[in-house]
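> Quick one, what's the 3D model for this:
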Amino acid sequence: MTNYVPPLRDLRFALNEVADVAALAQLEGFEAATPDTLDAVLAEAGKLAAGIVGPLNVVGDREGSRLENGVVRTPTDFKEAYETFVEGGWLGLSVPKDDGGQGLPFAVDLAVTEMITSANMAFSLCPMLTASAIEGVRGHGSDELKDIYLPKLVSGEWPGTMELTEPQAGTDVGAVRTRAEPQGDGSFRLTGTKIFISWGDHDMAENIIHLVLARTPGSPAGTKGLSLFLVPKYMVNADGSLGGANDIRCVSLEHKLGLHASPTAVLAYGDNDGATGWLVGDEGAGMRCMFTIMNHARIMVGLQGVAIGERAFGRALAYASERRQGATPDTANGERALIIDHPDVRRMLMTMKATVEAMRGVVLMAGEAHDRARQGASVEDRQINQGLVDLLTPVAKAWCTDRGVDVADLGIQVHGGSGYIEETGAVQHLRDCRISTIWEGTNGIQAIDLVGRKLKQDGGQALNVFLDRMRGLDSDLAAGEDTARGDFVAIRAALVEGIAALAAASDWLVEALARDGKAALAGATPYLRMFGTVAGGYVLARGALAARAQLANGGATDKEFLDAKIVTARFYADQIMPQAASLLGPVTRGADLLYAIDPQALSA
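As a prediction, the model looks like this:
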């Protein structure tokens with residue numbers, strides 16, 4: 001069984017060269033992000049991930065969480081691992097110091113979260129959901145709610161959940177039926193059922209803070225009638241101590257393809273008098289509040305694709321470096337070759353490596369924009385970066401999770417028949433990662449959001465800013481000495497072609513939206529893939545330029561590592577970037593063929 005090895009050098013490189021943490025540290029509020037602090041945080045997080053969280057991954061998968069006599073029991077040692085996580089203050093990394101956090105950039109938090117998620121995705125969901133709940137309470141909660149609940153959320157002592165889904169209301173959130181009746185003292189009584197609630201109940205903490213969408217009496221139909229409520233598992237007394245249990249019951253836990261250690265609960269509110277909760281934000285503004293939570297979570301879910309891809313790649317690389325099978329043209333007679341020496345295996349490994357590094361760059365680019373939107377030096381800078389966050393969030397969420405599944409699948413293929421056997425561990429990564437393309441808004445919904453909303457937002461300003469930034473790399477790619485292989489000529493040509501295809505597809509979709517919305521939405525999913533592919537090539541090109549600059553400035557001690565960054569970007573340019581231009585046809589074909597066959601005749 002291959003242990004998790006944190007990719008500390010890759011993470012440092014990506015933070016420095018893609019997220020530009022040094023520049024972020026110059027912004028007010030991020031002064032703590034010094035190079036020494038960054039190195040210490042990454043190193044300690046790596047130890048936590050590899051030494052404590054990682055070894056529980058297989059344990060959790062095999063044991064699973066279980067509901068016993070009304071109590072949800074987590075797998076062996078999960079509770080102790082979570083207590084260690086809380087004691088280290090890891091949940092408050094990117095929370096401002098005024099709210100009890102450490103005031104580091106979100107980009108740094110993403111790097112830490114990647115390691116925890118790679119080590120044990122099921123475990124990582126609990127702090128990830130809490131981090132998103134913190135965003136909701138910070139952004140919309142009353143001062144009283146913040147005083148009572150925010151310190152415990154930030155510390156992780158009271159983890160949080162987010163609860164939208166009901167049996168009749170999945171993607172169609174407006175169909176939510178859970179009721180919230182005002183009690184005259186500022187509180188509400190909630191009754192209803194919520195399903196698919198990750199970490200909805202468990203034994204790892206003394207309290208759980210639920211953020212629940214519900215409908216108040218007389219509210220309009222649809223999403224406009226929804227409000228958000230904070231509902232604790234246990235009531236909180238005036239002195240901060242815990243009181244009695246709230247009227248919330250875990251009815252059952254779902255049996256899932258993967259993430260067996262993460263309890264996915266069906267929760268019943270109001271078996272008796274109703275669960276007591278308090279309004280977060282204004283009445284009727286539930287979706288606006290929930291989007292604050294979900295948009296944070298969507299970047300984190302995109303990170304799950306990166307993290308599982310990284311773990312699958314590490315496992316496949318280790319296996320290919322030990323397994324001997326067959327011969328290559330260079331193998332001596334009678335000698336079996338390491339499978340890593342076979343060209344097709346090397347192609348799969350390079351595809352995995354290049355894709356993971358591209359995904360990591362895209363997520364960190366979204367994280368950097370998030371940081372600048374929050375702490376930018378000017379109003380204009382904050383507005384521009386908020387537009388980039390809005391634009392990149394569906395791409396980070398959907399493209400990275402789709403590619404994470406692809407990479408996990410390739411990891412099984414590298415193992416051959418052994419990969420299909422549970423004991424090798426390769427298949428768990430695919431099982432665990434598969435949900436990431438579905439939750440927090442399916443990837444098809446992300447594509448619709450990108451095309452239907454984000455492209456035309458503010459007159460297309462964010463898209464134009466992003467296209468211009470990518471085009472601005474051209475002169476840097478053209479300048480400077482090239483490698484003997486002509487890597488930068490190839491990277492530049494591929495990026496120019498990819499940007500041109502993305503611009504053409506964007507123009508077609510914007511025009512199609514005005515005349516035939518169905519045609520535009522038919523091209524949404526291939527467009528999102530095109531967008532992610534080009535964005536991935538862009539961040540790898542930036543990394544290659546940074547590597548070239550470091551080599552030119554005496555980076556000989558890291559020559560092998562830096563050379564690999566250039567080769568990886570070149571491989572991506574040659575083998576993956578051409579897919580972007582090939583998607584222009586599917587983006588612009590319209591919807592006619594999708595509806596050319598009657599549904600009843602599809603099986604004919």
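
> Can you mark which positions in stretch 146-161 are buried?
By 16 or more other CB atoms under 10 Å, the buried positions in stretch 146-161 come out as I148, Y149, L150, K152, L153, V154, S155, G156, W158, P159, G160, T161. Placement of C-beta: from N, CA and C, glycine included.

> I'd like those as TSV, with pLDDT, secondary structure and distance to D406 appended.
As requested, those are exported to TSV (pLDDT from 0 to 100; DSSP: H, G, I helix; E, B strand; the rest coil; distance: CB to CB, whole Å):
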residue	pLDDT	secondary structure	distance to D406
I148	96	helix	44
Y149	97	helix	40
L150	97	helix	39
K152	97	helix	39
L153	97	helix	35
V154	97	helix	36
S155	97	helix	37
G156	96	coil	33
W158	98	coil	37
P159	98	coil	31
G160	97	strand	31
T161	97	strand	30
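
> Mind picking the one among the residues you listed that's closest to S475?
Closest approach between the buried residues of stretch 146-161 and S475, by CB to CB: V154, at 44.2 Å.

> That closest one against D98, yeah?
No: applying CB atoms under 8 Å, one finds V154 not in contact with D98, separated by 10.9 Å.

> number of nearby residues for the closest residue to A318 other than its chain neighbours?
Nearest non-adjacent residue to A318, counting by CB to CB, 6 or more residues apart in numbering: T2, 4.8 Å away. Using other CB atoms under 10 Å, T2 is surrounded by 15 other residues.

> ditto for the one 5 residues further on
The criterion is other CB under 10 Å. On that basis, P7 has 23 neighbouring residues.

> got the contact list for the residue nearest to it when sequence neighbours are not counted?
Nearest residue to P7 in three dimensions, chain neighbours excluded: E310, at 6.1 Å (CB to CB, 6+ apart). Residues counted as contacts of E310 (CB atoms under 8 Å, 6 or more residues apart in numbering) are P7, E114, S118, V356, R360.

> can you pull the pLDDT of the first one?
In the prediction, the pLDDT value recorded for P7 is 97.

> and the longest strand anywhere in the chain, which strands flank it?
Criterion DSSP state E: the longest strand present in the chain is strand 187-198. Strand 187-198 sits in its sheet next to strand 179-182 (antiparallel), strand 264-269 (antiparallel), strand 275-280 (antiparallel), going by DSSP bridges.

> ok, the buried residues of stretch 146-161 vs L392, which is closest?
G160 (24.7 Å).

> Relative to R179, how far out is the closest one?
Between G160 and R179 the computed distance is 22 Å (CB to CB, to the nearest Å).

> Over to A493?
With distances taken as CB to CB, A493 is found 60 Å from R179.

> Neighbour count for those two, which is higher?
It is R179, of A493 and R179, that has more neighbours when counted by other CB under 10 Å, with 18 against 15.

> That one bridge partners, please.
Note on R179: beta-bridge partners by DSSP bridges are T191, R215.

> contacting residues for it?
L190, T191, G192, A214, R215, T216, P217.

> rewinding a little: mind checking which of the contacts of E310 are in strands?
Using DSSP E, none of the contacts of E310 sit in strands.

> What is the end-to-end distance of stretch 450-470?
Using CA to CA, to the nearest Å, one end of stretch 450-470 lies 18 Å from the other.

> per-residue confidence for the closest residue to P182 other than its chain neighbours?
Leaving out its chain neighbours, the residue that sits closest to P182 by CB to CB, 6+ apart is F188, at 5.6 Å. Looking at F188, its pLDDT is 97.

> And for I576?
pLDDT, I576: 98.

> Number of residues surrounding P220?
11.

> Let me have the buried residues of stretch 146-161 in TSV, extended by distance to I566.
Below are the buried residues of stretch 146-161 laid out as TSV (distance: CB to CB, whole Å):
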residue	distance to I566
I148	53
Y149	49
L150	45
K152	47
L153	43
V154	41
S155	43
G156	40
W158	47
P159	42
G160	43
T161	44
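
> is it true that F531 touches I499?
No: contact criterion CB under 8 Å: F531 and I499 do not qualify, at 10.8 Å.

> what about I445, how many residues close to it?
A count of nearby residues for I445, using other CB under 10 Å, gives 17.

> No further queries at this time; thank you.
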